[in-house]
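Asker: Just to be clear, the model below is a prediction. Sequence and coordinates:
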Amino acid sequence: MSPQNGHGMTLAEKVLARTSGAERVVPGEIVEGAVDLAMMHEQGAQTVAPFHQMGATEVWDPDRVVIAIDHWVPASTEGAAVLHRILRKFAAETHLPHFYDVGQHGICHQILAENGWVVPGDLAVGTDSHTNMLGAMGAVAAGIGPTEMAAVLALGRLWLKVPSTIQIRVRGTLGRGVTAKDLVLRILGEIKTTGATYKAIEYTGPTIAALSMPERFTICNMTTEMGAKCGMVAPDAKTYAYLDGISKHAMHPLQPDADAVYDRVIDVDVDGMPPMVACPYSPDNVRALPDVVREHVKVDQVFLGSCTNARIEDLREGAALMKGQKVASGVRFIVSPASTKIYEQCLKEGIIETFTEAGAVFTNSSCSACFGGNMGILAPDEVCASSSNRNFPGRMGAKEARIYLLSPAATVAAAIRGELADPRDFM
Amino acid sequence: MEDIIEGRVWTLGRDVDTDQIISGKYLTIIDPNELKKHVFEIALPEFAAQARTGDILIADENFGSGSSREHAPQAMRAIGVAAVVADSFARIFFRNAINLGLPAIEVRGVRAIFETGDVARIEMRRGTVTNLRTGASVPFPPLPPHLMRLLEAGGLVEKVRQELEARKASPGASP
Ligand code: SF4
């Protein structure tokens, strides 16, 4: 379904036209886009060998490359220590100044967001699949592999197939105890993990307009679970206010055309929507949380963390529920802020104390328990309630372990009760 | 890349994500020859020990979903997989495979005509996959020229290397 001549372009098409220097682009076309920002985390270590094999010696623009280590910080295995060392050496040799090393660290996507590295109209790529989160800035932000990143570092551009766009229009008001996470889970339940493969998603409508930037990050973050190339929110006053004083390069505040042609339009009404949960073993296995609560799902571990939901707003909300309560006996509750800045803010606001007094472990900022390779690893048959974004078999450790994906408030409710619980019961 | 790829088939189900191809605990391994020992440990535990060079993987929908880990196609290539054919692929896996020079071919309905142990014949330019045991065959739209050229060059590394060399040979020429 490519647009006819004279029809408008979607936001993703506008950005790809701009970055490839074309008047207009149509879905299906392969274009070469000039990259505005390239981000690498530990997987970037695998970029170094192909970069050299390509015969490259210089990075196209060191001011547009960010390295943010996050999966194993500080290094928790010898293998991770080697990855970090490869990256430090590469950054020194190729004169890459923007390295968020241990001490300034945070989850790579949060580092990009809170430091204004991605701005409206950008084409941003990262060696992590959740780079999609930065689409909340009105950018095309996509994950790529390390070999492809080597080509980007060498040439400053990459090939992209112009995706068609699914527009998701959201209306209605999120009720008490119902969050942006519940909304994106609900959308995932409809679109499914393959529903947007190779496509762009444009989130729009009054509910999206009413969301804060951190909430939009959460929504765009889980676009990845829908298989999409990118998920975007057109920039508005909130985007500009968020980036005020922090944006690292000039923006191109593009908007979709009113007569843009969409692959399809999905309407979502959130009025009366309950909190949601994604049950094992897929992020699209979504049910209303109250229905699952009735089945008394006991938990062994609870994780409040990850790039999806570990911003200061999430931790504040969690701490407000946690205050004066205790973590249920037999439950391990791990809380990990998304960046060192957020960690410091938690320290100032007494949030760390609230969690540790309740019996939680408040860790240094990293991906933490999210991916089963660092800490908080699950044993076979254990159950985890998590604010992260994936619950595939083996995601957080043993392949038999069962992971339930929830809002930050709902993870705290589970930690208090020792089984899945409705956060509204604690408000 | 050969125009015709023939090999012994291993079948896989739908939604085989990258965690099931190379699990999170092996992500600090860089050497593909180490990685290959753990390939498909979760999705197909007997594969790593029994795989032979030239084997072909045939999967259902959404193969390679999940993270951007290039370890997955890298380990598959290292163990000698000649091609991966699936009803559909997740986006990053598809890109990573092609960029590494591992043919990833999307063929609607392919999983249904194969069982593990069959022999598959893939004709890249004609766009057909045939089960040589049963004779069943399904067509597919051949890869776009841009991606065929990438595979023919042997992957992205080789393609960029040629481009950088050409640039050095004639400085100032725009890409
Ligand atoms: S927090 Fe989890 S999903 Fe996010 S980048 Fe880290 S491992 Fe990936």
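Answerer: Structure's in. What do you need? Residues are numbered from 1 along each chain as shown, chains lettered A, B, ... in the order given.
Asker: going forward, measure contacts between C-alpha atoms and count neighbours the same way
Answerer: Noted.
Asker: near the ligand, which residues of the stretch 251-400 of chain A?
Answerer: A:306-307, A:367, A:370-371 (C-alpha under 6 Å from any ligand atom).
Asker: Buried residues of the lengthiest helix in chain B, list them for me.
Answerer: Looking across chain B with DSSP state H, the single longest helix is helix B:156-169. For helix B:156-169, the neighbour count (16 or more other C-alpha atoms under 10 Å in any protein chain shown) marks B:156-161, B:163-164 as buried.
Asker: before we move on, what about stretch A:329-347?
Answerer: Under 16+ other C-alpha under 10 Å, the buried positions of stretch A:329-347 are A:331-343, A:345-346.
Asker: and what of stretch A:286-301?
Answerer: A:286-290, A:292-293, A:297-301.
Asker: could you dump the buried residues of helix B:156-169 to a markdown table with pLDDT and distance to chain A?
Answerer: Below are those laid out as a markdown table (pLDDT from 0 to 100; distance: C-alpha to the nearest C-alpha, whole Å):
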| residue | pLDDT | distance to chain A |
| --- | --- | --- |
| B:156 | 94 | 7 |
| B:157 | 94 | 5 |
| B:158 | 94 | 7 |
| B:159 | 93 | 8 |
| B:160 | 94 | 6 |
| B:161 | 95 | 4 |
| B:163 | 90 | 9 |
| B:164 | 92 | 7 |
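Asker: Could you look up the SS state of residue A:287?
Answerer: Classification of residue A:287 by DSSP: H, G, I helix; E, B strand; the rest coil places it in strand.
Asker: Tell me the pLDDT of it.
Answerer: Per-residue confidence at residue A:287 stands at 98 (pLDDT).
Asker: Would you confirm that it contacts residue A:273?
Answerer: No. Judged on C-alpha atoms under 8 Å, residue A:287 makes no contact with residue A:273 at a distance of 11.2 Å.
Asker: Walk me through the domains of chain A.
Answerer: A:11-267, A:276-426 (automatic domain parsing).
Asker: Who are the contact partners of residue 128?
Answerer: As the question left the chain open, I've gone with chain A. Residue A:128 makes contacts with A:40-41, A:43, A:143-145, B:67-69, as judged by C-alpha atoms under 8 Å, 6 or more residues apart in numbering or on different chains.
Asker: Chain B was what I was after
Answerer: Contacts of residue B:128 by C-alpha under 8 Å, 6+ apart are B:122, B:137-140.
Asker: Out of those residues, the closest to the ligand would be?
Answerer: Checking those against the ligand with C-alpha to the nearest ligand atom, the nearest one is residue B:140 at 33.6 Å.
Asker: Near chain B, which residues of chain A are found?
Answerer: Counting by C-alpha under 8 Å from any C-alpha of the partner chain, chain A comes close to chain B at A:43, A:46, A:50-51, A:53-56, A:79-80, A:83, A:127-130, A:143-148, A:151, A:194, A:197-198, A:224-225, A:227-229, A:371-374, A:392-395, A:397, A:399.
Asker: Just the ones of the residues you listed in helices?
Answerer: Filtering the residues of chain A next to chain B for helices - DSSP H - leaves A:46, A:50-51, A:53, A:79-80, A:83, A:146-148, A:151.
Asker: Filter the residues you listed down to the buried ones and hand me the PyMOL line.
Answerer: Buried subset of these, written as a PyMOL selection, criterion 16+ other C-alpha under 10 Å:
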select buried, chain A and resi 46+50+51+79+80+83+146+147+148+151
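Asker: Grab the two from the ones in helices among the residues of chain A next to chain B that are most spread out in space.
Answerer: The most widely separated members of these, counting by C-alpha to C-alpha, are A:79 and A:151 (24.7 Å).
Asker: If I look at residue A:250, what pLDDT would I see?
Answerer: Value for residue A:250, per-residue pLDDT: 96.
Asker: Now it. Nearest residue, chain neighbours left out?
Answerer: residue A:119 (7.5 Å; C-alpha to C-alpha, 6 or more residues apart in numbering or on different chains).
Asker: Could you give the number of residues near that neighbour?
Answerer: 31 (other C-alpha atoms under 10 Å in any protein chain shown).
Asker: Checking my notes, it in a helix, right?
Answerer: No. Counting by three-state DSSP, residue A:119 is not part of a helix but coil.
Asker: you'd agree residue A:248 is up against residue A:116?
Answerer: Yes. Contact status for residue A:248 versus residue A:116: in contact at 5.6 Å, counting by C-alpha under 8 Å.
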